[in-house]
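[1] Provide a 3D model corresponding to the input given below.
(2 chains)
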Number of protein chains: 2
Amino acid sequence: MTIYNFSAGPAVLPGPVLKKAQEELLDYQGSGMSVMELSHRSSLFEDIITEAENLLRKLMDIPENYHVLFLQGGASLQFSSVPLNLAQNKKALYVNTGSWAKKAIAAAQAIPSVNTKVIASSEDKNFTYIPQITKDQIDQDASYLHITTNETIGGISYQEIPDTGRVPLVADMSSNILSNNYQVKDFGIIYAGAQKNIGPAGLTVVIIRDDLLNEQSLFAPMLDYRVQADSHSMYNTPPTFSIYMAKLVFEWLQDLGGVSQMVKYNQQKSGLLYDAIDRSNLFQSPVNKKDRSLTNIPFLTASDQLNQEFINAAQRQGFENLKGHRSVGGMRASLYNAFPLTGVKRLVDFMEEFEKAHGGD
Amino acid sequence: MTIYNFSAGPAVLPGPVLKKAQEELLDYQGSGMSVMELSHRSSLFEDIITEAENLLRKLMDIPENYHVLFLQGGASLQFSSVPLNLAQNKKALYVNTGSWAKKAIAAAQAIPSVNTKVIASSEDKNFTYIPQITKDQIDQDASYLHITTNETIGGISYQEIPDTGRVPLVADMSSNILSNNYQVKDFGIIYAGAQKNIGPAGLTVVIIRDDLLNEQSLFAPMLDYRVQADSHSMYNTPPTFSIYMAKLVFEWLQDLGGVSQMVKYNQQKSGLLYDAIDRSNLFQSPVNKKDRSLTNIPFLTASDQLNQEFINAAQRQGFENLKGHRSVGGMRASLYNAFPLTGVKRLVDFMEEFEKAHGGD
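    Sure thing, here's the model as predicted:
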């Protein structure tokens, strides 16, 4: 039985990438060593991390005045690192769009020296839309405005990036990096956990504009952006195998035509599923149409029991990880870059069968 | 040509572990998914992390009142986490035994609220020995005493663990965890980067006694030991593949008879090399005999040029990564658990040939 893995992360990886990793797992490029056994100071690994950076720069069109860092700790560590580096004894602005934005906000609020302000929120409608942000809402003395470009749990995402004037925009892009049309130059900092669109869990990509590197050193060198930038992500041993996997994913993405092609492919995949939901009498989307995510698609029936029945029946057909996040219930299909169109078609067929069997027409 | 990888980390991994990882890389236990693609909330991954913890508890005889955490960021992040959690507005004591101890000390000193004191040092003899620590040197009001059980670069290690009275002993055990006879109950906290004796880079193991978990929450949840303990290392997405690899390494170690067998094996391996160095007229060990490390063995000739010649000639024979750390020069052989006895025998033979060819007898 073919398995379709709708996991929100760690998520499905491209088949050719896994095959290549498997082929060379015991002997990387005739070295007689696994990638996992390479010293991070070896020329073989230096080539891997350099190439990973170059590929990402090309894929995302990252300007030269931005550093690319390969770090650890996930977006959750960045929730603290960003305010610690940029906003001590300053104002930090946030937009609250759901579960992940709230975590970022709570992490900033936990730092006594940071003056954290939430300037917009969609909590009034249970985070089913992206609030409008206008420049006059943004205190131009703030150290940054933080947004979550895609809410993995709520299933909403920014279709347009707000104009913040001279205030740097900081974005948690974990769940839609490399599958959107955003321009890096519109951001001061972009960070993303790898385990959705980049590679295995345990790697965090940070893209930071040069002028935002801290002037004064931070009390913890591992969290200090300048330390990490100056040492090219090698202040200590980086997660070497995860960086190698990311490089393979970047190569795969480039071979398929890059991000713009992937956006078209993701629009096709998500369009199929949203159309199916919209024409269904059984399933519905809780999310404001114009703010719908391309990558994380929640949907539900009218009852928790029926949701569970659907999830169970789907799993028996090889559709894995369709259960919605425990905080919102229902179903969720995560359609990252590596998720195949065929899997969406099959799911749509299965949803229609399920609806018929449950009194739909 | 057989490759012998003497890297200090990331280091050689057990062959059977790499083979097993390769075999199931595309399909973990018939799930149709790679381990890298498993949700960290799936029962398959829950089993992996639980089993990894149980195996480590058994291998190290970890008492029940200790938590085992699987974190990210390496020992370098722990250098900051330890004082932030335990020593704000308190005294923190350190022993300076070389490069890694110095990094731990610097990280504590970088936190203004921590009163950092170095109570003993072997800097007077270029870190070639472990200083004697007696209980009367230890301020009993200190929050902890920090030691580096094995200096990866200097090649010295504690043969006996100092008695600290009621002051908790905190140890960076990165380069000799699972290859020594220490008792966990003698420590308050043990931490180790995985990339030497545990698995791939990107995983950090922290073993912490229950009463040392912070009472007050820290300003950064990812660094907060209580948050990590309460969430069983799942506060955010853990480095799932690295934890899986660690589990395989723990299984391999258990099958070989556990840590006590490994210590014997490591004594045999390092004994062979130290004997060869001691009887040589060309090579010498810079380290005090009784403090010699089992896992990291520096050695050198009388000239930098001859060292380099030896390293180059060795590499041509398949001996990889014998170059000493850039801060000390010379050669270094890292003989972690997975490094085979045959490799040491071959190296010793090669050293003797090299010595003969360079005028030795």
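
[2] quick one: buried residues of the one helix or strand residue A:309 maps to?
    For residue A:309, the host element (DSSP states H and E) is helix A:304-316. By neighbour count on 16 or more other C-beta atoms under 10 Å in any protein chain shown, the buried set for helix A:304-316 is A:307, A:310-311, A:314. C-beta: built from backbone N, CA, C; applies to glycine.

[3] any part of that helix near chain B?
    No. Helix A:304-316 lies apart from chain B when judged by C-beta under 8 Å from any C-beta of the partner chain; the minimum separation is 11.4 Å.

[4] what helices and strands are in contact with the helix or strand just after that helix?
    Sequence order places strand A:319-320 as the next helix or strand after helix A:304-316, per DSSP H and E. Packing partners of strand A:319-320 (3 or more C-beta pairs under 8 Å, 6 or more residues apart in numbering or on different chains; DSSP states H and E): strand A:4-5, helix A:341-357.

[5] note down every partner strand of the shortest one and its orientation.
    The one in question is strand A:4-5. strand A:319-320 (parallel) (DSSP bridges).

[6] show me what whichever helix or strand comes after the partner strand is packed up against.
    Later in the chain than strand A:319-320, the nearest helix or strand by DSSP H and E is strand A:331-334. Counting contacts by 3+ C-beta pairs under 8 Å, 6+ apart, strand A:331-334 packs against strand A:296-299, helix A:304-316.

[7] show me the strands in chain A, by range?
    A:4-5, A:66-71, A:91-96, A:115-121, A:144-148, A:150-151, A:156-157, A:169-172, A:189-193, A:204-209, A:296-299, A:319-320, A:331-334 (DSSP state E).

[8] now mean pLDDT and distance to residue A:331 too, for the helices and strands packed on strand A:331-334, in JSON lines please.
    Converted to JSON lines, the helices and strands packed on strand A:331-334 look like this (pLDDT from 0 to 100; distance: least, C-beta to C-beta, whole Å):
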{"stretch": "strand A:296-299", "mean pLDDT": "98", "distance to residue A:331": "5"}
{"stretch": "helix A:304-316", "mean pLDDT": "97", "distance to residue A:331": "6"}
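
[9] now the ones you listed in CSV, with distance to residue A:43?
    Compiled in CSV, the helices and strands packed on strand A:331-334 are given as follows (distance: least, C-beta to C-beta, whole Å):
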stretch, distance to residue A:43
strand A:296-299, 40
helix A:304-316, 46
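
[10] if we can go back for a sec, redo the helices and strands packed on strand A:319-320 as JSON lines? Include distance to residue A:202.
    As requested, the helices and strands packed on strand A:319-320 are arranged in JSON lines below (distance: least, C-beta to C-beta, whole Å):
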{"stretch": "strand A:4-5", "distance to residue A:202": "18"}
{"stretch": "helix A:341-357", "distance to residue A:202": "25"}
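
[11] return the most buried member of the ones you listed.
    strand A:4-5 (a mean of 24; mean count of other C-beta atoms under 10 Å in any protein chain shown).

[12] other residues contacting that strand?
    Applying C-beta atoms under 8 Å, 6 or more residues apart in numbering or on different chains, the contact partners of strand A:4-5 are A:11-12, A:318-321, A:339-340, A:343, A:346-347, B:32-33, B:37.

[13] just the buried ones out of the residues you listed, please.
    A:11-12, A:319-321, A:339-340, A:343, A:346-347, B:32-33, B:37.

[14] redo those residues as a markdown table? Include distance to residue B:162 and pLDDT.
    Converted to a markdown table, the buried ones among the contacts of strand A:4-5 look like this (distance: C-beta to C-beta, whole Å; pLDDT from 0 to 100):
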| residue | distance to residue B:162 | pLDDT |
| --- | --- | --- |
| A:11 | 47 | 97 |
| A:12 | 50 | 97 |
| A:319 | 57 | 98 |
| A:320 | 52 | 96 |
| A:321 | 50 | 96 |
| A:339 | 55 | 98 |
| A:340 | 58 | 97 |
| A:343 | 59 | 98 |
| A:346 | 63 | 98 |
| A:347 | 61 | 98 |
| B:32 | 52 | 96 |
| B:33 | 48 | 97 |
| B:37 | 46 | 98 |
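
[15] and which of those residues is nearest to residue A:260?
    Taking C-beta to C-beta as the measure, residue A:260 sits nearest to residue A:339 out of the buried ones among the contacts of strand A:4-5, at 18.0 Å.

[16] show me the contacts for the closest one.
    Here residue A:339 is in contact with A:4-6, A:11-12, A:269 (C-beta under 8 Å, 6+ apart).

[17] using JSON lines, lay out these together with distance to residue B:63.
    Conversion of these to JSON lines gives the following (distance: C-beta to C-beta, whole Å):
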{"residue": "A:4", "distance to residue B:63": "44"}
{"residue": "A:5", "distance to residue B:63": "39"}
{"residue": "A:6", "distance to residue B:63": "41"}
{"residue": "A:11", "distance to residue B:63": "38"}
{"residue": "A:12", "distance to residue B:63": "40"}
{"residue": "A:269", "distance to residue B:63": "51"}
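
[18] and which of these is nearest residue B:27?
    residue A:5 (11.8 Å).

[19] could you list the domains of chain A?
    A:15-255, A:258-357 (automatic domain parsing).

[20] the residue lying closest to residue A:319 once chain neighbours are set aside and residue A:285: what is the separation?
    By the measure of C-beta to C-beta, 6 or more residues apart in numbering or on different chains, the closest residue to residue A:319 outside its immediate chain neighbours is residue A:4, 5.3 Å from it. Applying C-beta to C-beta, to the nearest Å, the value for residue A:4 to residue A:285 is 20 Å.

[21] cool, residue A:41 as well?
    Distance from residue A:41 to residue A:285, by C-beta to C-beta: 50 Å.

[22] more neighbours: these two, which one.
    When neighbours are counted by other C-beta atoms under 10 Å in any protein chain shown, residue A:41 and residue A:285 differ, and residue A:285 comes out ahead with 19 against 16.

[23] pull the number of nearby residues for the spatially closest residue to that one that is not a sequence neighbour.
    The shortest distance from residue A:285 to any residue other than its chain neighbours is 5.0 Å, reached at residue A:277 (C-beta to C-beta, 6+ apart). Per other C-beta under 10 Å, the neighbour tally for residue A:277 reads 22.

[24] residue A:129 too?
    18.

[25] just the pLDDT for it.
    Note for residue A:129: predicted pLDDT of 98.

[26] for it, which non-adjacent residue is closest in space?
    residue A:288 (3.8 Å).

[27] grab the longest helix from chain A for me.
    Ranked by residue count and defined by DSSP state H, the top helix of chain A is helix A:258-279.

[28] who does that helix touch, helix- and strand-wise?
    Counting by 3+ C-beta pairs under 8 Å, 6+ apart, helix A:258-279 packs on helix A:43-60, strand A:296-299, helix A:341-357.
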